[in-house]
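Participant: need coordinates for the following:
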Amino acid sequence: MQHYYVDKKETSNGDHEIHVPRCEYLPEANDRIYLGTFSNCGDALRQAKTHYDQSNGCRWCCGECSTG
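Facilitator: Next comes the predicted model:
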């Protein structure tokens with residue numbers, strides 16, 4: 001199981017990226033929402049979409065869920 005967060009700030013294309021704690025691009029605590037613990041990023045991404053419709057996986061830490 002892994003902890004996941006979604007960035008409150010959107011990227012230049014409007015995505016809100018999900019991250020794991022070890023990611024060098026993990027936003028500061030006040031710029032992220034804790035999503036919970038999941039066995040895969042797909043489940044975390046579905047949870048992120050309840051906050052932001054346009055969510056995506058970080059290409060560095062959640063590449064299997066990244067479309068960009």
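Participant: can we go C-alpha only for contacts and neighbour counts from here?
Facilitator: Will do.
Participant: could you look up the SS state of the most centrally placed residue in the chain?
Facilitator: By C-alpha atoms, centre = their mean, the mean C-alpha position of the chain lies nearest to Ile18, the distance being 0.6 Å. Secondary structure, DSSP: H, G, I helix; E, B strand; the rest coil: Ile18 is strand.
Participant: for the protein, what spans make up the helices?
Facilitator: Ranges of helices within the chain are 41-48, based on DSSP state H.
Participant: picking that back up, in this structure the residue nearest to the centre of the chain contacts Tyr5, no?
Facilitator: Yes - contact status for Ile18 versus Tyr5: in contact at 5.4 Å, counting by C-alpha atoms under 8 Å.
Participant: hmm, back to that, from Ile33, how far out is the residue nearest to the centre of the chain?
Facilitator: 9 Å (C-alpha to C-alpha, to the nearest Å).
Participant: who touches both of those two?
Facilitator: Tyr5, Val6, Asp7 (C-alpha atoms under 8 Å, 6 or more residues apart in numbering).
Participant: ok, so of those, who is nearest Glu28?
Facilitator: Asp7 (8.9 Å; C-alpha to C-alpha).
Participant: what number of residues lie near the residue lying closest to the closest one once chain neighbours are set aside?
Facilitator: Leaving aside its sequence neighbours, Asp7 sits nearest to Arg32 (C-alpha to C-alpha, 6 or more residues apart in numbering; 4.5 Å). The number of residues packed near Arg32 is 19, by other C-alpha atoms under 10 Å.
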